[in-house]
Every structure is written in structure tokens, then in C-alpha cells.
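*Asks:* Here is a sequence together with a model predicted from it:
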Protein chains: 2
Amino acid sequence: MTSVLLTALDRVLPADRITSDPDVLRALSSDEAEWAPVGAATAAVRARAESEVQAAVRVAAELGTPIVARGAGTGLSGGANAVDGCLLLDLSRMNAVVQINPDDLTCVVQPGVVNNDLKAAVAEHGLWYPPDPASAPWSTIGGNTATNAGGLCCLKYGVTRDYVLGLRAVVGGPAGYGTAVWLGRRTAKGVAGYDIAGLMVGSEGTLGVITEITLRLRPAPVGVPRTIVGAFTTLVDAGRAVALVTRLGLTPSALELLDRTCLNAARDWKNLDVEADAAVLLLARVDTPGDSGEAEAAAVADAFERSGALWAALSTDDVEAEALFEARRLAYPALERLGPVLTEDICVPRSKVPDMLAAIERIAAEHRVQIATIAHAGDGNLHPLMLSEPGDDAARIRAQQAFEQMLDAAIGFGGTVTAEHGVGLLKRGGLRRELDPGSLLLQQAIKDALDPRHLFNPGKVL
Amino acid sequence: MTSVLLTALDRVLPADRITSDPDVLRALSSDEAEWAPVGAATAAVRARAESEVQAAVRVAAELGTPIVARGAGTGLSGGANAVDGCLLLDLSRMNAVVQINPDDLTCVVQPGVVNNDLKAAVAEHGLWYPPDPASAPWSTIGGNTATNAGGLCCLKYGVTRDYVLGLRAVVGGPAGYGTAVWLGRRTAKGVAGYDIAGLMVGSEGTLGVITEITLRLRPAPVGVPRTIVGAFTTLVDAGRAVALVTRLGLTPSALELLDRTCLNAARDWKNLDVEADAAVLLLARVDTPGDSGEAEAAAVADAFERSGALWAALSTDDVEAEALFEARRLAYPALERLGPVLTEDICVPRSKVPDMLAAIERIAAEHRVQIATIAHAGDGNLHPLMLSEPGDDAARIRAQQAFEQMLDAAIGFGGTVTAEHGVGLLKRGGLRRELDPGSLLLQQAIKDALDPRHLFNPGKVL
């Protein structure tokens, strides 16, 4: 049976852009969030141009069909999950790097460009796009923008938001559903009107569909960064080292925490040559060139030792250092292979990192949940991962309870329920507990103003 | 005659907070924008606490009175100018630094804190608040936030927006006029809901009144920066040097342009020991420490020479270097002493700096307008200043025509009509010409959603 939606899409789009094949729809209907509800989509459009996104949004609006946009589907909060009866808008084929402007330190890309592909493209011009979520080999710039993705180097170089100068989007509301608009600027600075481009960043597809992004770039880094490794007996000791690094005014380009469970999972999966002789490792990178970088690296190692590290060392072996960072990046998929993983993404003020790590251990013990912890520790952004056996419902429920309690603990420390993964479906309760009630009303007012019919990714975030 | 507004304010606020003295009202009714219309205010409230701001906003809302908030009044676009019948809300007495958190690299301030006072307060803790508009000795953090102020060091360290983590504001609309809300976060990262704190930054008091700001800080810089001075025969040569510095991937912490008119005005006013032996100077600062900084400074000097500088030199004399930067900071008030100054604040993509400088000279000649030019040249942010004699109406009209034409030229180069001063009253026409019509509709929808009665600084920005 051909649905009304398919017929209407067929009238305005080439046939090969539209699908209602159940297997394809299933593959496009969820991201990587564990246990987030997935609705039944009616159709998918795999757009190749902004005009096709406009056509699809117009058709959906005419029929009152919800629109769920997606990139690579690597999200961890359910933000890209289908809602019942929706049109899935797959943007992964809009993957052109439209322009690279070395003289302006900017580039223009379509949303489906994969993060690492962009990095490679701009590197050829001596340029660098810093944001580096662990999903960088797979995730798209559109998805990174929609969730305001972070990564390892945020500590020194900021998040996606800090690189988005402007964007094009297909929006609704006052401009009419299906209108394509340019938002933001192409210049280093600019304050012409409200920062709606900034508002779109991190809005998880709930205010419109991003079709092009203008990004700020940096000159390629010079020299080889130094890696400092510290081994600790407990999470809390490692947390103290992180707090001390901040207090001393040191700014490594990454300061990552990785526990033995994560390290072993990555090692076993990819035969990485890394050893786990301690419960917790801290990995720091210092990219300041020259003498200053050497001094900074030594100060980081010293801070590790003063905080009770079993040992701390400057890695003199680039292969070993790279293997450790590779283990960090692969920890999540490596654990996911072994069973369902519920991922936290809390962030606390830096001084509260030791307290939050202690709270995580306490909550996990209380609910008898096995956890593995990775963290962008230098930012206070912690990712305790709750592991369970496939099909163990009791374990799932305990993990979900621990998950919510960790959100509350983070809020209690002045933190947030999501640093970089987004609210999606999994953090909606936490969001309501975190935000000031007045702020929630403003959020809702903005949604109502820009998407009055609630067609863009309804039920997500708010 | 006591107005209804005064009577109502008197009921809810201590008497010494309220004034309708014509001289005081006049002093509080405008910022430093030349030739921007100034309305007649009915009363002013000099608030000392958020609760007093709430009370004043509630009273104004009951009576349908427009509310114009202000800090030090150093704005250059008329954003803080009174509108007829308004209540002026002076926040300069809410000037407490509420908290400094060295362990979290954050601080919390009231809006009336003067930028340089904050810098001094955090320096005592080994910390640094980078945004440095030339008005830093007088302008307030609240005003800096409302306009998303920039400054000299934006080039490397970003603008006010990059330092605002969260804020408190007294808002209207869905939460009810007079509601105080907390927006944003206290953590290094965070994506919990729409970035309304970011939306408030640069909204020029049109969406609510900011009553407290939580700022990110940096560790204090180490070592003494190096200053490189380049002397050029023409603006366009200097522009070429700026473009080359960018293309070479050099990142000075400041890259300022200053023409002879500006330099002389500052020198004559403050007896600064600076010489103007060339038409245009470029001042660069490199704060990278150690050997790398030395190499970077040499590369900047080399780029100046390759672009046709008469001479380029690393300043070995800190006193001389500081005098030059002092001249840069004082250029605007020094010129303002001599007569009306109409200030541009355009920004173009960096590669277009030479073209834009050429266009400025052409437009000034065409309209027979005397210009002086200062620029945050490294950001592409140019401030041609149009000078005229007091009372010369024909000159005023020619300057205003040149002003609008420069805005159009900037838009034509892919630039913006305002980089850091805000839209206020003077750039409303330019804003409409710059923004996509669809984007303007979204801007208006956001204003309508958050301030449905248009009580907050009506007629500004949009």
C-alpha cells in the first residue's frame, strides 16, 4: 500500500531519493543510544541538495508529518530516533566540502561531511578543524552541529559551537515551512541581530534542518605534541590530579581519563599494544611548541605525581602515545560490542571532578551496576558507562536508576546533565530537573515561535 | 507633577533608587553614538539588586512603559538611548564581583562591574578575563555582554560571547514580566537545551535585563608579549600585510591598524611619546612565550616588510610599545574631543581587508568626508571614523551618506555591518540590508516570543 506521504514525495523528488523499504527504514530509525524508544517511520528521503530538503519539508508540513533529520546516526541520546509516522531525512549524502578559504581561515560544508574527512580536506591547505568527538571517523559535521559535539581537544580549543560562524537551514514557522535561510556570518566577528546560528547549534533538529555550515578553521598545529601518562589506584586520585592541573593554570590540549575496563576492551578488540597495570590512567597532551611546551609537560607530570599517581611519565615513544589515545577513542565501541552500554555525559565544575567521581562509584555500588569510566576529565566532562548483559532486564532497570541518580548528583554539584551528547530522549527528565522553571518556559517559547506546528523532531529535547 | 510611573515605583522601591531630575535623566539618556535619536525618559531607577530590577520591570509592565537598561553608556550605536516615555534602568551601581573561583576558572559578577576592575580583581588570583574593548576603563561587563563586545585580543582569545557561561536575567513573555531566570551553565561544556544565554549575549537589552553574569576565565598570561610595529605609506599596503599574516597561519594576540590622524590626536591629548612618520601603522602583539614566540614575532615583521612596509621592527622598548597601544586605545575619545565622530564597525572576511580599506578611501573622497581609521585589522574589523565640524549640517549629511555606503560595501564583500558595537539605532537599516529576509522573520519571531509586549528597549536592533 502506498502511503499518502510517499505519493506526495514522489511528485516532488526523484524516485531514488525516497524509500519505504522496511530494512532501510529500520537502519535509519535510531542512533546509538541504548534503550531509547524508537518509533515507526513512514518513509525516508535521502536528500542530495538543499532544494530536496525544502521539497521534503514542504510535503511533510502539508501532511502534518513529523520530520526527523539525521547524519551518521552516531548520537548517544536518541536525538535521531524515529518518531511514529515520521519522515526520516537522511543528510549523509549531502557530503560535499563546498569551499575551503585558506585566506579567510574558513570553509563551507554540506551537513553530511564526515568529521575526519573534513579534517583531511583542510589539512591539505595547512588548516585544522579542531572539534574531535570520539566518533570523528564516522560522525558528520551536520550531526556535530546539531548536538554541539565536543571531543578531546575542547579543553584548549573549544567545541563545535566555537567553530560555526554561520549556516543555512530549512526552517518553518514565521518564514513558512520549507523556507531556506542563511543565518550568521562569514567574518571573524559579528553582532548583527540575534545569534540564531548559535541557537541552531545544539538544537538537535528541533528548530529546522541544517543544510550547509560555514566553519572557522585554525592554522595546522606545528610540531609533535607531548604525551604525559599518569597511572592511579583510584578514580578519585585521578580526579584530584585533574583538579590540580586546572588550579596550576596548565592548559593541556587534552586531559583524558580512562579506566582499566575501557583500556582492556579497546586492547582486546584492536590488538592495541597498551598495558593496564593500574586501575585508572590519565592521558594528557601538551601541544605548546618549544621550551614552553617542555616545561608545561613537566609541570603536568609533576601535578600527577603530587596527586598520588603510582607513576607519571612523559611518553618518549610516539607509537605508544598514539596507541593510548586510540584506546581512548575506541573505548566506547569496544565496550558496546560486549553488551548494552548506557552512556552518561555529565559535566561538573572542574573542582568537583573528584567528588563527582566518588559519587559515581557510590551510586554504581548502590545499584549493583558495573561501570567503566572514560572522561574528558580536564573539562569536568565525565562519561561513566553502565554495562550490562544483553537481555538482563533487572540489570537494565538498575542501570537506568543509577543513570538518573548520577544526573541528579551532577546537578547537585552545579553541573549539567549533558556536556556534548545532547538531550535527545534520554536526558529529557534530567533537563527538566536541571533547568530553572523560567528558563524552561523560554525554551518552550522559542520552540513554539520557530516551529509552531512542532514538526521538527517532536518530543526531543523538551 | 508626579507621574503615575513615579508613584508606582515609589511604592515598591526605596526613594533613593528613583529619580526624575531632568539633568540626571539627560545624563542617563544616551550613549556615545553620534547623531542617534534620543527620546525623553520619564524616570530612572538606579537599581542595587536583582529584586529591585524585578520590581521596576513589574511596575513598567503594568503601565506599559518601555524599559531601557544601561551600564556606563559607552556604546557607539545608540543601543542605550532613551525612547520616549521610557523607564531608564541604570545598572552601574550593581557592581559587585560576587565570586572568583580559581579552581574552576570562573567568576560571577553583577552587570555594573567595570571591565578593567574585573581584570584587576581576577589578576589577584592569577587569572585573566581577556575581552578588552577600547572602552575597558569605563564600560561594564553588563554592557559588554549586551553588545557582545570585542576588543584588541579577540583575534586570538575571542569575544565576550566566548566567556559568558551563564547569566541571570529579568525577563518577560512566557515567564511573566519581572521573572528572574538563570540561563546557561557553570561548567566548561554544556548542551542542556537551547543556548538562551548565548542568545541574550549581543541582544542589546531587547530580550530582558541581565542582572548577573557567570564568566569563564583563563590563567594569567606568562611573560611579556613582543610588539611588532610596521609603518606603511597607504591603508591598502597595511591591509595587504594583514592578509598575509593570516595566510601564513600566524596568530598574534593583537593586530591593530592606526592611521596618522588617530595617532596624532591621541598624542596631542595625552602627551604620548609616539611619532607618526608614516601614514599608517600596524601594531602586532605576539604573546606566545619562549623561542616559538620569538620566531612568530620575526615572521610577523617579515610579513610586514614583504607587503611593502616602509619599515618594520620588533620593539625592544616596552615603554614605547605600551605608548603605541595606549594611543590605539585612546584614539576614539581623542578624536571625539575635536568634533562629532561617526563610527563604523564593519567586519569583512580577512582576505577582503585590502579591498575594504580601498573602498573606504574611495567612499570618503566621493562624499568629501574626512576619515581617520583604526581597526582590529587582524579580525577584518575596521573602524573608519568620520570626522566633522560641530554644527556643520552639510558635512553631517555627507558623513551619514558615506556611513551607509560603507555598510553596503562591507555587505558586498561578504561582511557584516557590525562586528562588536551592536546594531542599536544606527545600524538598523544596514541590518535589514545584510540579513536574509527569512532570517529577519526568525529574529522578529524570537523578539515576539520573549518580549511579546515589546517593552524591552523597543525600536532597537530590529
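*Replies:* Looks like it arrived, so ask away.
*Asks:* contacting residues around residue A:332?
*Replies:* A:134, A:341, A:343, A:374, A:383, A:385 (C-beta atoms under 8 Å, 6 or more residues apart in numbering or on different chains). Any C-beta I mention is one placed from the backbone N, CA and C, and that applies to glycine too.
*Asks:* Quick one: the strands in the stretch 351-462 of chain A, in order.
*Replies:* A:370-376, A:381-387 (DSSP state E, counting those that start in this stretch).
*Asks:* do you know which of those strands lies nearest chain B?
*Replies:* Taking C-beta to the nearest C-beta, strand A:381-387 is the member of those nearest to chain B, at 5.4 Å.
*Asks:* Which strands or helices does that closest one pack on?
*Replies:* Applying 3 or more C-beta pairs under 8 Å, 6 or more residues apart in numbering or on different chains; DSSP states H and E, one finds that strand A:381-387 contacts helix A:318-336, strand A:341-343, strand A:346-347, helix A:353-366, strand A:370-376, helix A:393-412.
*Asks:* among these, which is nearest residue B:420?
*Replies:* Nearest to residue B:420 among the helices and strands packed on strand A:381-387 is strand A:346-347; the distance by C-beta to C-beta comes to 29.2 Å.
*Asks:* can I assume residue A:353 is in contact with residue A:382?
*Replies:* Yes: at 7.4 Å, residue A:353 counts as touching residue A:382 under the criterion of C-beta atoms under 8 Å.
*Asks:* For the two, indicate the residue with more neighbours.
*Replies:* Using other C-beta atoms under 10 Å in any protein chain shown as the criterion, residue A:353 and residue A:382 rank with residue A:353 on top: 30 against 27.
*Asks:* Pull the contacting residues for the more buried one.
*Replies:* Taking C-beta under 8 Å, 6+ apart, we find residue A:353 in contact with A:239, A:242, A:243, A:377, A:380, A:382.
*Asks:* Please report how far it lies from residue A:376.
*Replies:* Note on residue A:353: its distance to residue A:376, by C-beta to C-beta, to the nearest Å, is 11 Å.
*Asks:* And for residue A:86?
*Replies:* Counting by C-beta to C-beta, the gap from residue A:86 to residue A:376 is 32 Å.
*Asks:* residues in contact with residue A:195?
*Replies:* Shown in contact with residue A:195 (C-beta under 8 Å, 6+ apart): A:184, B:148, B:161, B:198, B:199, B:201, B:202.
*Asks:* quick revisit: would you turn the strands of the stretch 351-462 of chain A into JSON lines with mean pLDDT?
*Replies:* Formatted as JSON lines, these follow (pLDDT from 0 to 100):
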{"stretch": "strand A:370-376", "mean pLDDT": "95"}
{"stretch": "strand A:381-387", "mean pLDDT": "96"}
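*Asks:* mind putting those strands in CSV, distance to residue B:439 included?
*Replies:* Output for those, formatted as CSV (distance: least, C-beta to C-beta, whole Å):
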stretch, distance to residue B:439
strand A:370-376, 34
strand A:381-387, 32
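*Asks:* which bits of the stretch 251-400 of chain A sit near chain B?
*Replies:* For the stretch 251-400 of chain A, the residues in contact with chain B (C-beta under 8 Å from any C-beta of the partner chain) are A:251, A:288-292, A:347-351, A:376, A:379-381.
*Asks:* which among those residues end up buried?
*Replies:* A:251, A:288-290, A:292, A:347-351, A:376, A:379-381 (16 or more other C-beta atoms under 10 Å in any protein chain shown).
*Asks:* residue contacts, the closest residue to residue A:308 other than its chain neighbours?
*Replies:* Nearest residue to residue A:308, sequence neighbours excluded (C-beta to C-beta, 6 or more residues apart in numbering or on different chains): residue A:237, at 4.4 Å. Neighbouring residues of residue A:237 by C-beta under 8 Å, 6+ apart: A:280, A:307, A:308, A:309.
*Asks:* just to revisit the earlier point, now, which of the contacts of residue A:332 sits nearest residue A:404?
*Replies:* Looking across the contacts of residue A:332 and measuring by C-beta to C-beta, the closest to residue A:404 is residue A:343, at 13.6 Å.
*Asks:* Can I get the contacts of residue A:353 in TSV including distance to residue B:3?
*Replies:* Listed next are the contacts of residue A:353 as TSV, based on distance: C-beta to C-beta, whole Å:
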residue	distance to residue B:3
A:239	59
A:242	58
A:243	55
A:377	58
A:380	51
A:382	56
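*Asks:* Those: which two are farthest apart?
*Replies:* For the contacts of residue A:353, the farthest-apart pair by C-beta to C-beta is A:243 and A:382; their separation is 12.9 Å.
*Asks:* Could you list the low-pLDDT ranges of the stretch 101-250 of chain A?
*Replies:* The model of the stretch 101-250 of chain A has no residue with pLDDT under 70.
*Asks:* All the helices of it, residue numbers only.
*Replies:* Assigned by DSSP state H, counting those that start in this stretch, the helices in the stretch 101-250 of chain A fall at A:115-123, A:141-147, A:154-157, A:196-200, A:235-247.
*Asks:* Let me know which of these is tucked in deepest.
*Replies:* helix A:141-147 (a mean of 31; mean count of other C-beta atoms under 10 Å in any protein chain shown).
*Asks:* how much space is there between the residue nearest to residue A:177 when sequence neighbours are not counted and chain B?
*Replies:* If the residues on either side of it in the chain are set aside, residue A:177 comes closest to residue A:61, at 3.4 Å by C-beta to C-beta, 6+ apart. Using C-beta to the nearest C-beta, to the nearest Å, one obtains 15 Å as the distance from residue A:61 to chain B.
*Asks:* Residue B:91 versus residue A:61, what's the distance?
*Replies:* 43 Å.
*Asks:* Looking at those two, which one has more neighbours?
*Replies:* Higher neighbour count among residue A:61 and residue B:91: residue B:91, with 27 against 17, using other C-beta under 10 Å.
*Asks:* Reduced to three states, what does residue A:255 come out as?
*Replies:* strand (DSSP: H, G, I helix; E, B strand; the rest coil).
*Asks:* can you tell me the distance between the two ends of stretch A:305-325?
*Replies:* Start-to-end span of stretch A:305-325 (C-alpha to C-alpha, to the nearest Å) is 21 Å.
*Asks:* And it, how far out from the chain middle?
*Replies:* Relative to the chain's own centre, stretch A:305-325 is displaced by 26 Å; criterion: C-alpha atoms, centre = their mean, to the nearest Å.
*Asks:* For that stretch, which outside residues touch it?
*Replies:* By C-beta under 8 Å, 6+ apart, stretch A:305-325 touches A:152, A:224, A:226-233, A:237-238, A:240-241, A:244, A:254, A:256, A:258, A:272-274, A:278, A:281-283, A:285, A:297-298, A:301-302, A:304.
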